[in-house]
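**Student:** sequence first, predicted coordinates after that:
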Amino acid sequence: MSFHVLITDPLHEEGLVPLKNHPDIKLTIINQRRSSNLKELIRDVDALIVRSQTQVTRDVLEHATRLKIIGRAGVGVDNIDLDAATERGIIVVNAPNGNTNSAAEHTMALLMSLARKIPQAYQALKNMDWDRKNYVGVELRNKTLGVIGLGRIGAEVAYRAKGQRMEIIAYDPFLTQEKAEKLGVNFGTLDEVLALSDFITIHTPLLNETKHLINTKAFQKMKKGVQIINCARGGIIDEEALYQAIISKKVTGAALDVFENEPFHHHKLLELPEVIATPHLGASTIEAQEMVAIDVSQDIIRYLMGEQIKNPVNLPSLPIEILNKMKPYFHLGEKLGTTLIHLVEQPIEEITLSYEGELAELEVSPITRTIVKSVLQRHLGDHVNDVNALYLAEKRGITVHENKSSANKGFTNLLKVEIKTNRESKSVSGTHLPGLGPRIVRLDEYRIDVIPEGHIIFIHHNDQPGVIGKIGSLLADFQINIATMQVDRSNLGGDAIMVLKVDKRLHEQELARLKELDEIKEIQVIDL
Ligand SMILES: NC(=O)C1=CN([C@@H]2O[C@H](COP(=O)(O)OP(=O)(O)OC[C@H]3O[C@@H](n4cnc5c(N)ncnc54)[C@H](O)[C@@H]3O)[C@@H](O)[C@H]2O)C=CC1
Ligand SMILES: O=C(O)CCC(=O)C(=O)O
């Protein structure tokens, strides 16, 4: 199988070597800025790799009929329509670690340049103007740096700023007292950070919640004379509000690496002498570009080759050791979901997944996605995958519930999948037996012991003498060998089930003959 990978932004050559050398990958590299036909090009590609310039919009994705994965060589994925990608089952991966150091160093470079007005003084000197009085700066020592967003880059900035003997106050909704203490920073609310800081640096992603987080109201809460650094994303600061705050002298300096609309040829803020700027260079170092290109290329190759990816953005991310531990349950869940959906006739209203015993200790949401995928695939086909399964379920009005119980009901691990329709509720339960593999152990209230593999016939029949014989002799007439047989009943002479594993698939006519038997209420043949 050969895969087509398209790259539309400049990437470090070294990072492309694994893709170039891969025998099953065809690589196309274009400069998107010079190419307006992305919609055309994306039609026949399996993977797309971008940095921040290419805008992967919903409109573009509508043309991406083969696209399976988008790789972002960097952190911020705000240039990719994540909802549209998820709906189409396209996985998005990024390279979150490779440019942390470079972005933190760039932030420090901007902080120091801002404090000492280095770009302005340099510009004057380049113009042969030996001016010292206009470029008097301030020291960083003993000043308070407010860090908004104490993730990878924010934490690195805080660490470096402490080296400058600055006091750090940070706001991050996920910041714990423990992490703050470990990093030696003060823990503040957003308002406290705004009010107490001499310098404020922003390191959040651009999200709906962070769009214009720093707006007119936020500027009003700041100290007079505050200086701002934004090395995260344009759009987190309301640029018009910043402009007015500088004009009114509330803000005495701003260092910007990022802007609401990039690239641009003119920007009002750059007319102000208080503003210094770089054209989105936070990650532009040889080291960072090499690392992010390698990381993203490797994840693209892993995904296309069916291996576990490291940095998914629109799927839950778990350490590889934990995912390996969970592998048998993905397999079991998929078999249970496929089995159950074949036993249900009416439209599904609810899917309930119960994780019991040692399974309850795991982060089970990836298994839930796999089960929902296997259920939906029967009617929606192969375009349902782990990425879009929950979205598609919700869109069809199907509610998905997860229950966990550490109680051990005779099995060290038990996974129950239950489907509710407007007429009935059906369930299958299974377990993974170490060394032996998966087993289906319950079908509704019936106890069975079936390896979920091969051609399986599920028969719901009346509990009466002769049924097993009749079914056995019909199968013998069809030259179909029975490998295993399980029976159970609700009560003597009541409902009963039979689960047969056979060596070859039944033809439609053979199935019709079995259905003619009076004792049979329902029959389903499932290939697992
Ligand atoms: N200028 C450049 O070239 C670069 C810019 N970036 C930008 O920097 C951002 C941060 O990168 P990382 O530190 O690697 O990401 P990260 O995910 O490690 O950290 C982001 C932090 O922001 C916090 N956060 C989210 N919403 C918040 C809110 N409303 N208020 C305060 N904190 C909030 C999160 O809890 C998280 O701790 C990226 O999203 C990207 O947009 C990243 C690399 C290079
Ligand atoms: O690709 C780039 O140079 C921009 C890096 C960036 O902004 C990010 O990683 O979020």
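**Tutor:** Cool, got the structure. In this text the structure is predicted, and so the values were computed from the model without any measurement. Ligands and ions are numbered 1, 2, ... in the order given.
**Student:** contacts, neighbours, all on C-alpha from now
**Tutor:** Will do.
**Student:** quickly list what the residue of the stretch 401-528 of the chain at minimum distance from ligand 2 is bridged to.
**Tutor:** Taking Cα to the nearest ligand atom, ligand 2 has its nearest neighbour within the stretch 401-528 of the chain at E402, 34.0 Å off. Here E402 sits in beta bridges with L353, going by DSSP bridges.
**Student:** so what's it up against?
**Tutor:** T352, L353, S354, Y355, T368 (Cα atoms under 8 Å, 6 or more residues apart in numbering).
**Student:** ok, what's across the strand from the residue nearest to Q486 when sequence neighbours are not counted?
**Tutor:** The spatial neighbour of Q486 that comes closest, neighbours along the chain excluded (Cα to Cα, 6 or more residues apart in numbering), is V499 at 5.1 Å. Taking DSSP bridges, one obtains F458, Q486 as the residues bridged to V499.
**Student:** pull the contacting residues for V499.
**Tutor:** For V499, the contact set (Cα under 8 Å, 6+ apart) comprises I448, V450, I456, I457, F458, I459, M485, Q486, V487.
**Student:** top of those residues by neighbour count?
**Tutor:** When neighbours are counted by other Cα atoms under 10 Å, I456 leads these with 27 neighbours.
**Student:** got a pLDDT number for that residue?
**Tutor:** Per-residue pLDDT puts I456 at 95.
**Student:** over to D495?
**Tutor:** 89.
**Student:** give the contact list for it.
**Tutor:** H460, H461, N462, D463, R489.
**Student:** so who does the fourth one touch?
**Tutor:** Spelled out, that is D463. With contact set as Cα under 8 Å, 6+ apart, D463 has these partners: R489, L492, G493, G494, D495, A496.
**Student:** same thing with the second one?
**Tutor:** The contact partners of H461, taken as Cα under 8 Å, 6+ apart, are D495, A496, I497, M498, E519, I520, K521, E522.
**Student:** buried subset of those residues?
**Tutor:** D495, A496, I497, M498, E519, I520 (16 or more other Cα atoms under 10 Å).
**Student:** can you redo the contacts of D463 as TSV with distance to S2?
**Tutor:** Formatted as TSV, the contacts of D463 follow (distance: Cα to Cα, whole Å):
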residue	distance to S2
R489	51
L492	58
G493	58
G494	55
D495	52
A496	49
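**Student:** could you list which of the residues you listed also contact ligand 2?
**Tutor:** By Cα under 6 Å from any ligand atom, no member of these lies near ligand 2.
**Student:** adding secondary structure, write those out as a markdown table.
**Tutor:** Converted to a markdown table, the contacts of D463 look like this (DSSP: H, G, I helix; E, B strand; the rest coil):
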| residue | secondary structure |
| --- | --- |
| R489 | strand |
| L492 | coil |
| G493 | coil |
| G494 | coil |
| D495 | strand |
| A496 | strand |
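**Student:** ok, those residues vs L474, which is closest?
**Tutor:** A496 (18.9 Å; Cα to Cα).
**Student:** for that closest one, what are its contacts?
**Tutor:** Shown in contact with A496 (Cα under 8 Å, 6+ apart): H460, H461, N462, D463, V487, D488, R489, S490.
**Student:** with adjacent residues omitted, what lies nearest to it?
**Tutor:** Per Cα to Cα, 6+ apart, closest to A496 is R489, 3.9 Å.
**Student:** test my guess that the one you found contacts D444.
**Tutor:** No. When contacts are counted by Cα atoms under 8 Å, R489 is not listed as touching D444 (11.1 Å).
**Student:** that older thread, secondary structure for the contacts of D495 - can I get that in CSV?
**Tutor:** Output for the contacts of D495, formatted as CSV (three-state DSSP):
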residue, secondary structure
H460, strand
H461, strand
N462, strand
D463, coil
R489, strand
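**Student:** using CSV, lay out those together with pLDDT.
**Tutor:** Shown next, in CSV, are the contacts of D495 (pLDDT from 0 to 100):
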residue, pLDDT
H460, 92
H461, 91
N462, 89
D463, 88
R489, 88
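**Student:** and for the residue in the stretch 301-450 of the chain that ligand 1 sits nearest to, the neighbour number?
**Tutor:** Going by Cα to the nearest ligand atom, ligand 1 is nearest to V313 of the stretch 301-450 of the chain, at 10.8 Å. The number of residues packed near V313 is 19, by other Cα under 10 Å.
**Student:** in contact with it, which residues?
**Tutor:** Neighbour list for V313: I91, V92, V93, N94 [criterion: Cα under 8 Å, 6+ apart].
**Student:** just these now: which is nearest P347?
**Tutor:** I91 (27.9 Å).
**Student:** the closest one contacts N385, doesn't it?
**Tutor:** No. With contact defined as Cα under 8 Å, I91 does not reach N385; the gap is 9.5 Å.
**Student:** against ligand 2, how distant is R141?
**Tutor:** In this structure, R141 and ligand 2 are 29 Å apart, going by Cα to the nearest ligand atom, to the nearest Å.
**Student:** same thing with D295?
**Tutor:** 12 Å.
**Student:** got the buried residues for the helix or strand encompassing that residue?
**Tutor:** For D295, the host element (DSSP states H and E) is helix 286-304. Neighbour-count burial for helix 286-304 flags 288-301, 303-304 (criterion: 16+ other Cα under 10 Å).
**Student:** nearest to ligand 2, of those residues?
**Tutor:** For the buried residues of helix 286-304, the residue nearest ligand 2 by Cα to the nearest ligand atom is Q289; the value is 7.6 Å.
**Student:** which ones are touching the closest one?
**Tutor:** L11, H12, A73, G98, N99, A283.
**Student:** just say helix, strand or coil for the first one.
**Tutor:** Read it as L11. Classified using three-state DSSP, L11 is coil.
**Student:** check contacts around it.
**Tutor:** Going by Cα under 8 Å, 6+ apart, L11 touches R51, A73, Q289, E290, A293.
**Student:** ok, how many other residues are close to D488?
**Tutor:** For D488, the count of nearby residues is 17 (other Cα under 10 Å).
**Student:** what about it, which helix or strand?
**Tutor:** If you go by DSSP H and E, D488 is part of strand 482-489.
**Student:** as a markdown table, the contacts of D495 with distance to ligand 1 would be great.
**Tutor:** Shown next, in a markdown table, are the contacts of D495 (distance: Cα to the nearest ligand atom, whole Å):
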| residue | distance to ligand 1 |
| --- | --- |
| H460 | 53 |
| H461 | 56 |
| N462 | 59 |
| D463 | 60 |
| R489 | 54 |
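**Student:** in a strand, I440, correct?
**Tutor:** Yes. Counting by three-state DSSP, I440 is part of a strand.
**Student:** against M485, how distant is the nearest residue to it once chain neighbours are set aside?
**Tutor:** The shortest distance from I440 to any non-neighbouring residue, by Cα to Cα, 6+ apart, is to G430 (4.2 Å). According to Cα to Cα, to the nearest Å, G430 stands 17 Å off from M485.
**Student:** how far does the helix or strand of the chain with the lowest mean pLDDT sit from its chain's centre?
**Tutor:** Of all helical and strand segments in the chain, the minimum by mean pLDDT, DSSP states H and E falls on helix 177-183, at a mean of 87. Distance, stretch centre to chain centre, for helix 177-183: 27 Å (Cα atoms, centre = their mean, to the nearest Å).
**Student:** then stretch 214-226?
**Tutor:** 35 Å.
**Student:** and stretch 458-470, by the same measure?
**Tutor:** Distance, centroid of stretch 458-470 to centroid of chain: 48 Å (Cα atoms, centre = their mean).
**Student:** check the contacts of Q289 one by one and keep those near ligand 1.
**Tutor:** Checking the contacts of Q289 against ligand 1 (Cα under 6 Å from any ligand atom), the matches are N99, A283.
**Student:** highest neighbour count among the contacts of Q289?
**Tutor:** A73 (32 neighbours).
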